[in-house]
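Colleague: A structural model of the following input is requested.
(chains A and B)
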Amino acid sequence: MDFLYSIFVDPFVQMVQMPDFLLQVLWEGIVGGILYALIALGFVLIFKASGVFNFAQGIMVVFAALTLVGLYEKGVPALAALVLAVGVMALLAICVERFVMRPLVNQPDIILLMATIGLTYFLVGLGEFIFGGEPKVMIANELGLPSGSVVLEPEGWGPGGSPGLISLQKIDIAATVIAAIMIVALAIFFNKTRIGRALRAVADDHQAALSVGISLNQIWAIVWFAAGVVALVTGIMWGARSDVSFALEIVALKALPVLILGGFTSIPGAIVGGLIIGVGEKIGEIYWGPLVGGGIESWLAYGIALVFLIFRPQGLFGEKIIERV
Amino acid sequence: MNAATETAVAAEATGEPEVMLKVENVSLSFGGVRAITNISFDIRKGEIRAIIGPNGAGKTSMLNVINGFYHPQEGVITFKGAARSKMRPYEAASQGIARTFQNVALFKGMSTLDNIMSGRTLLMKKHFFWHLFHYGPARTEEIEHRRKVEEIIDFLEIQHIRRAPVGRLPYGLQKRVELGRALAMEPELLLLDEPMAGMNLEEKEDMSRFILDVNSQFGTTIALIEHDMGVVMDLSDRVVVLDYGKKIADGTPEEVQANQDVIDAYLGVSH
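Modeller: The predicted structure is shown next:
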């Protein structure tokens, strides 16, 4: 009975007794979730346009952040370095289109996936060659991102009716706002505009897209550039929370369960999926983690994704393509 | 006899029919396989030109050459008076060549409306910078094109499936949506690859009517591949017949039907 009590009753008792702590955990979960959503967004963009899972999205995050910090260390002013980093991502997009995508038009998706794995290792090598393998510190302050924290003390939210204590990192607030703006802009762009329609067309059928005069080259370059900018923003935000190193690439794999949850083709799906994973793993870790000795944060996301794969393989918002036979 | 046929006949009477597309001595091979051997024919402005022949005769390859998917090793193609060597599909589309495909090639996840809107891609001129924000000139432009697309939807009588994802539509309707997408490009030359394949009689009659209406109302020149001989003979002004990648006959439906080589190709002959 004690065991069942500790699973089904005790965590909720804790939540009610210390609502300020619950809010703190929720907030951390939301911030983590938004950052997962940002990474997932990069994947969704390229998946929508080329039907390929871009394995290189993680390393693009690292590469973009390294470029930014590397340029700053070479003496370029922070904002100029930011602009230059965007330029580098544009250049990368054009090169990927010209040397990876273009020769592989009309090839099976698996070939494109392999190509992005190749691209991953190329970027790892290039990044280490240019910037070295040492972890770097993100130049968050220099870019004008806020530091410090806001402390809220809501009356009667603490244990036993005492004042509560919730602490919000300013950088987390900034990350949430920036990510939200970016997500809304991209959603409008891809759902309401000519380019967005062309992009979905390309994803569906290369030949038909060509026949109506859509330029595959232009669309792919735009999409990879958009994914590059998303990678840069993600790199700045993640980098500010830890540091800029190749280990960030692993964090990017957290986007996989987010994508399975939200659907590979849906921007709202990436956001909701990110939030569910972010909040879910924080709540799980804090309230249920101690039962199994902690550490469930690192695998809970994949567990949730697995359940989804069984019951709703296209994700929450994914396109369910029904083929007539 | 429709209006377009009359203009074609009138042009012929003056001795100088206006040629829209001219294919001269075109050969195409894939490695050692010859798909097309030394074929020449022309398509006159305003006519309905059929390309027929048994399976594997090179008909679809011919269309692919015309709209730039394939680049022939030999020969010249002249479109609207300009000869060209290697043309990309994008360029063909921007010069006014639209097409449909043998196995319907629609954007399956998108609605009928979006599929047809995608045909307007090249006609939307505003810089994509505006589209980035979906604001100002881009918005006005979008509305204008939407109006045009609604006209096409009315024309093809597919109002009821406007919002339906095309992947779920029956085959006959998919073919109609595909025609709509090609029409949205406001093409001068429309290439139709087996527009009636897999249709029942009623659907074939509807499609025939649409093809004739497109030709007479919009003045669009049409080249079509079709296996149903009844349809071909009824619709087309002139017919070119291919067999094993070679041209074996060219002329009016009556002439072609009477041609011994054509009869042999279709019925088989002991050599």
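Colleague: so what's the residue of the stretch 51-200 of chain B found nearest chain A closest to, chain neighbours aside?
Modeller: Here the stretch 51-200 of chain B gets closest to chain A at one residue, residue B:93, 3.1 Å apart by Cβ to the nearest Cβ. In this view, the C-beta of every residue, glycine as well, is placed from N, C-alpha and C. Once flanking residues are discounted, residue B:93 sits nearest to residue A:213: 3.1 Å by Cβ to Cβ, 6 or more residues apart in numbering or on different chains.
Colleague: Stretch B:153-169: which residues count as buried?
Modeller: The neighbour-count check on stretch B:153-169 (16 or more other Cβ atoms under 10 Å in any protein chain shown) flags B:153, B:155, B:156, B:158, B:161, B:165, B:166, B:167, B:169 as buried.
Colleague: quick revisit: list the contacts for the residue of the stretch 51-200 of chain B closest to chain A?
Modeller: Residue B:93 makes contact with A:210, A:211, A:212, A:213, B:67, B:122, B:185, according to Cβ atoms under 8 Å, 6 or more residues apart in numbering or on different chains.
Colleague: same thing but 7 Å
Modeller: A:211, A:212, A:213, B:122, B:185 (Cβ atoms under 7 Å, 6 or more residues apart in numbering or on different chains).
Colleague: ok, now which ones touch the closest residue in space to the fourth one that isn't next to it in sequence?
Modeller: Taking Cβ to Cβ, 6+ apart as the measure, residue B:122 lies nearest to residue A:213, with 4.0 Å between them; neighbours along the chain are not counted. By Cβ under 7 Å, 6+ apart, residue A:213 lies in contact with B:90, B:93, B:94, B:121, B:122, B:185.
Colleague: sorry, back to before: tabulate the contacts of residue B:93 (TSV), appending distance to residue A:157, secondary structure and pLDDT.
Modeller: Converted to TSV, those look like this (distance: Cβ to Cβ, whole Å; DSSP: H, G, I helix; E, B strand; the rest coil; pLDDT from 0 to 100):
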residue	distance to residue A:157	secondary structure	pLDDT
A:211	62	helix	87
A:212	58	coil	87
A:213	60	coil	85
B:122	60	helix	82
B:185	62	coil	91
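Colleague: Tell me who's in contact with the residue in the stretch 1-150 of chain A that chain B sits nearest to.
Modeller: With Cβ to the nearest Cβ as the measure, residue A:48 is the residue of the stretch 1-150 of chain A nearest to chain B, at 9.7 Å. Applying Cβ under 7 Å, 6+ apart to residue A:48 gives the contacts A:190, A:199, A:200, A:203, A:265.
Colleague: The first one - that's part of a strand, no?
Modeller: No: going by DSSP: H, G, I helix; E, B strand; the rest coil, the assignment for residue A:190 is helix, not a strand.
Colleague: Tell me, how many residues neighbour it?
Modeller: 20 (other Cβ atoms under 10 Å in any protein chain shown).
Colleague: what's the longest helix in the chain?
Modeller: Just going to use chain A. helix A:19-50 (DSSP state H).
Colleague: nope, chain B
Modeller: helix B:137-155.
Colleague: Quick check: the gap between the residue in chain A that chain B sits nearest to and residue B:143.
Modeller: Chain B sits closest to residue A:213 of chain A, with a gap of 3.1 Å, by Cβ to the nearest Cβ. Separation of residue A:213 from residue B:143 (Cβ to Cβ, to the nearest Å) stands at 21 Å.
Colleague: before we move on, what about residue B:214?
Modeller: Distance from residue B:214 to residue B:143, counting by Cβ to Cβ: 25 Å.
Colleague: How many neighbouring residues does the closest residue to residue A:152 other than its chain neighbours have?
Modeller: The shortest distance from residue A:152 to any non-neighbouring residue, by Cβ to Cβ, 6+ apart, is to residue A:166 (4.4 Å). For residue A:166, the neighbour count with other Cβ under 10 Å is 20.
Colleague: Give me the pLDDT for residue A:166.
Modeller: We note a pLDDT of 82 for residue A:166 in this prediction.
Colleague: and the closest residue in space to residue A:163 that isn't next to it in sequence, what does it touch?
Modeller: Nearest non-adjacent residue to residue A:163, counting by Cβ to Cβ, 6+ apart: residue A:153, 4.9 Å away. Neighbouring residues of residue A:153 by Cβ under 7 Å, 6+ apart: A:163, A:164, A:165.
Colleague: ok now do residue A:124, which residues does it touch?
Modeller: Contact analysis of residue A:124 by Cβ under 7 Å, 6+ apart lists A:59, A:246.
Colleague: try residue B:193
Modeller: B:60, B:63, B:99, B:100, B:101, B:102, B:225.
Colleague: among the residues you listed, which ones are buried?
Modeller: Buried subset of those (neighbour count, 16+ other Cβ under 10 Å): B:60, B:63, B:99, B:100, B:101, B:225.
Colleague: Report the separation between the third one and residue B:76.
Modeller: So the one you mean is residue B:99. 21 Å.
Colleague: just the fourth one next, same as before
Modeller: From residue B:100 across to residue B:76, the span is 26 Å (Cβ to Cβ).
Colleague: do the fifth one as well
Modeller: Taken as Cβ to Cβ, the spacing of residue B:101 relative to residue B:76 amounts to 25 Å.
Colleague: residue ranges with poor pLDDT in the stretch 201-325 of chain A?
Modeller: Low-confidence segments of the stretch 201-325 of chain A (pLDDT under 70): A:318-325.
Colleague: residue ranges of the helices in it, please?
Modeller: In the stretch 201-325 of chain A, the helices defined using DSSP state H, counting those that start in this stretch lie at A:206-211, A:216-241, A:248-252, A:255-262, A:267-283, A:297-311.
Colleague: elements contacting the first one?
Modeller: Right, the one you point to is helix A:206-211. In terms of contacts (3 or more Cβ pairs under 7 Å, 6 or more residues apart in numbering or on different chains; DSSP states H and E), helix A:206-211 is packed against helix A:216-241, helix B:89-94.
Colleague: can you pull the buried residues of that helix?
Modeller: For helix A:206-211, burial by neighbour count (16+ other Cβ under 10 Å) applies to A:206, A:208, A:209, A:210, A:211.
Colleague: Quick check: phi and psi on the nearest residue in space to residue B:246 that is not next to it in sequence?
Modeller: Closest residue in space to residue B:246, ignoring its immediate chain neighbours: residue B:37 at 5.1 Å, by Cβ to Cβ, 6+ apart. Backbone torsions for residue B:37, taken as degrees, to the nearest 10, come to phi -120, psi 110.
Colleague: ok, residue B:37 - contacts?
Modeller: B:27, B:245, B:246.
Colleague: Any chance of these in a markdown table with neighbour count, secondary structure and pLDDT as columns?
Modeller: Rendered in a markdown table, the data for the contacts of residue B:37 read as follows (neighbours: other Cβ atoms under 10 Å in any protein chain shown; DSSP: H, G, I helix; E, B strand; the rest coil; pLDDT from 0 to 100):
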| residue | neighbour count | secondary structure | pLDDT |
| --- | --- | --- | --- |
| B:27 | 16 | strand | 91 |
| B:245 | 22 | coil | 87 |
| B:246 | 17 | strand | 90 |
